[in-house]
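Q: Just need the structure, nothing else, for what follows:
(chains A and B)
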Number of protein chains: 2
Amino acid sequence: MTKADGQRGSPTSYDVAQRAGVSQSAVSRCFRPGSSIAPKTRERVLSAARELDYHPNAMASGLITRKSNLVAVIISNLTNLYYPEVLAELTRRLSDRGIRVLLFALQAESEVDAMLDQVWRYRVDGAIVAARLTPAHLRDFARHNVPVVLYNRFGEGEPVASVGCDSVGGERQLIDRLNAAGHAVFGIISGPEDNYVGQERVRGAQQRLEELGHRSLLVRGEFDYESGATGLRALMEMTDRRLDAVICANDLMAIGAIDCARETFGLRIPHDLSVVGFDGVAPAMWASYRVSTIRQPVRRMTEAAVAMLMERIADPDLPPEVRTFAGKLIDGMSARFVS
Amino acid sequence: MTKADGQRGSPTSYDVAQRAGVSQSAVSRCFRPGSSIAPKTRERVLSAARELDYHPNAMASGLITRKSNLVAVIISNLTNLYYPEVLAELTRRLSDRGIRVLLFALQAESEVDAMLDQVWRYRVDGAIVAARLTPAHLRDFARHNVPVVLYNRFGEGEPVASVGCDSVGGERQLIDRLNAAGHAVFGIISGPEDNYVGQERVRGAQQRLEELGHRSLLVRGEFDYESGATGLRALMEMTDRRLDAVICANDLMAIGAIDCARETFGLRIPHDLSVVGFDGVAPAMWASYRVSTIRQPVRRMTEAAVAMLMERIADPDLPPEVRTFAGKLIDGMSARFVS
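A: Here you go, the predicted structure:
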């Protein structure tokens, strides 16, 4: 009869050492990733641990090794259709490396301060952040010796490790295709005011339109379905319904704009109006939409983010690095492109 | 000049006690939720902590208080459109109570064992689980004294605290409406084989159809868009295209079925074919679909799950309780209902 069966209270590493006939330090080494231990000793320890139903206390080991094997993942807009895929990929890749995810889902960017206090308390080994951090926040990470990798965000003046998709390059591809197909009256639906990625996409689109001699109208969106519809209505009004193409800063707004164009204005997409998005989320591929868009290489990007963070946990003095991935043009059915 | 500015290494509770002119135990009490401390002492401690940039070590406190303030949230299918909302709500509600989420995203139900080992290691205070647990897993939770609340899953023989939406009642409402409107040839697209909620929904639909004297055809789905489309094609073939209504075990499959019905078979929805779903996810409300469905009361359900878990963390001997919420019928545009 094992101790776990017989009495309440968890077995300790001492119990395991006794049963395996090894030292307590051998038990500790056995459960510490990267420690060296003879295969035979390891086998005896694992077998004793199984018999006793022993699970090393991650918090106690964390205090000793100063590694919690926890990484904070901080996401500001979890219900945005793009992020569930990112979160699932990050969690899987970290888990493959024996790291657990401490999740922080922000409702508003203003919650960052209260959240960071919790991040410090849990002594996370590092953080992957898809939320806006100020240079002051980034200096806090440095002061607390917590390596950070930004995901689709950038340092805004403070050099910091980050992974992103090339917004400007992606928009240029979309605009070039629209321009080649003869579109002349362009409207843009932006992202939320404080969203860096949204701003970059708008900047990329405006810049390229200007280079090609086009003017464009801009309305504010919020990255959601409703603001895509509202944005389209505003642009139709502003152009006296003479709109050729709508550039939406993400797919979800493109979907809202397509639905509104069909339902409110009776337009055929793309015959009467071209709509382009950005991200390549699953619903953008559904038959009712088939959005012409730029697909972010989420697997490559999440793998890069995790790899960069692991490198920086191992060596905090690595210099900041920015890795930018090109998105893939998806030649959908929502825009007239010249093939 | 504060210590944090002057030298590497975090300030300790001893440093804070010294600066505030109080005992170390007063500092500990100040940062322990629910401890009593005089308001004036509290103010002095917090002010000293701010000046020193002190953040209590959650792992060290966890070892002393035997509370990690961590809750494991275990979700088996994070990219299912339904779960991001659930996860965001759970995270927010736990965070409001000073609890952090340790996230476990399962790719396959078979990963449960490896994952539970990690759950024990982090000495979580409790767990909310939206993944299939066997009775043996549930006994593991009991043995490790980790209270668990199941979300849209049930104990399968083992009594366990759980929160769910009434699948059978929801399907009955949908079937009754379809029946009243004169539908006669019914097809059902189920969820994945091992999914309890999917099974319950199918059982509810079949039972009610039988009571009303209808036969129905059943095809297997996987809760995703593609299997909704594939399922519809199979049902059309099986009925020689004489299908009146398709009952999909979730919205995402209903969306796939609607797109396929329109595109592959040229059907008008709901004129030629009624399609109903379950969940009430955001895309089901989009103008291209307006799925007639049962909306799960996610806010009520997540609030109940968190409240039930907190009660059980405070008093592990509370008896298991099952809370079932009725879903709300959404009278969309994808089914002919009699109003």
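Q: Please make it C-alpha for all contacts and neighbour counts, starting now.
A: Noted.
Q: ok, A:A48 to chain B distance?
A: Counting by Cα to the nearest Cα, to the nearest Å, the gap from A:A48 to chain B is 15 Å.
Q: That residue: how many residues sit nearby?
A: 20 (other Cα atoms under 10 Å in any protein chain shown).
Q: That one is in contact with A:A20, isn't it?
A: Yes - at 5.6 Å, A:A48 counts as touching A:A20 under the criterion of Cα atoms under 8 Å.
Q: got a list of what A:A249 touches?
A: Residues counted as contacts of A:A249 (Cα atoms under 8 Å, 6 or more residues apart in numbering or on different chains) are A:188-191, A:198, A:201-202, A:223, A:277-278.
Q: Just those residues: which are in helices?
A: A:198, A:201-202 (DSSP state H).
Q: out of the residues you listed, who has the most neighbours?
A: A:R201 (26 neighbours).
Q: Not counting sequence-adjacent ones, nearest residue to that residue?
A: Among residues not flanking A:R201 along the chain, A:S167 sits closest, at 5.0 Å (Cα to Cα, 6 or more residues apart in numbering or on different chains).
Q: check contacts around that neighbour.
A: Applying Cα under 8 Å, 6+ apart, the residues near A:S167 are A:197, A:200-201, A:204.
Q: likewise A:L273?
A: Taking Cα under 8 Å, 6+ apart, we find A:L273 in contact with A:243-246, A:267, A:335.
Q: try A:A335
A: By Cα under 8 Å, 6+ apart, A:A335 lies in contact with A:178, A:245, A:269-270, A:273-276, A:291-292.
Q: Counting neighbours, which of those residues comes out on top?
A: Among the contacts of A:A335, A:V276 has the most neighbours (other Cα under 10 Å), with 34 neighbours.
Q: surely it meets A:R336?
A: No - if you go by Cα under 8 Å, A:V276 and A:R336 don't touch, sitting 9.8 Å apart.
Q: Turn the contacts of A:S167 into CSV, columns for distance to A:N145.
A: Shown next, in CSV, are the contacts of A:S167 (distance: Cα to Cα, whole Å):
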residue, distance to A:N145
A:V197, 27
A:E200, 30
A:R201, 32
A:G204, 35
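Q: For those, which single residue is the most surrounded?
A: Per-residue neighbour counts (other Cα under 10 Å) across these peak at A:R201, which has 26 neighbours.
Q: correct me, but it touches A:V168?
A: Yes - between A:R201 and A:V168 a contact is recorded at 5.8 Å, counting by Cα under 8 Å.
Q: And for A:D96, the neighbour number?
A: Counted with other Cα under 10 Å, residues neighbouring A:D96 total 10.
Q: residues from chain A in reach of chain B?
A: Applying Cα under 8 Å from any Cα of the partner chain, we find that chain A lies next to chain B at A:10, A:55-60, A:62-63, A:78-79, A:84-85, A:88, A:91-92, A:100-105, A:107, A:117, A:120-123, A:144, A:256, A:259-260, A:263, A:286-288.
Q: List buried residues within these.
A: Using 16 or more other Cα atoms under 10 Å in any protein chain shown as the burial test, these include A:10, A:55-60, A:62, A:78-79, A:84-85, A:88, A:91-92, A:100-105, A:107, A:120-123, A:144, A:256, A:259-260, A:286-288 as buried.
Q: so where's the stretch 1-150 of chain A uncertain?
A: Where the stretch 1-150 of chain A drops to pLDDT under 70, the residues are A:1-9, A:33-34, A:59, A:63, A:109.
Q: And the helices in the stretch 51-200 of chain A?
A: A:58-65, A:83-96, A:112-121, A:135-143, A:167-180, A:196-211 (DSSP state H, counting those that start in this stretch).
Q: For A:R153, find the nearest of these.
A: helix A:196-211 (6.4 Å; Cα to Cα).
Q: For whichever helix or strand comes after the closest one, C-alpha coordinates in PDB please.
A: With elements assigned by DSSP states H and E, the helix or strand that comes after helix A:196-211 is strand A:216-219. What follows is strand A:216-219 as a C-alpha-only set of coordinates in PDB (Å, rounded to 0.1, in the frame of the first residue of the first chain):
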ATOM      1  CA  SER A 216      -8.300  57.700 -50.600                       C
ATOM      2  CA  LEU A 217     -10.900  58.300 -47.900                       C
ATOM      3  CA  LEU A 218     -10.400  57.000 -44.400                       C
ATOM      4  CA  VAL A 219     -12.900  56.000 -41.800                       C
END
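Q: No further queries at this time; thank you.
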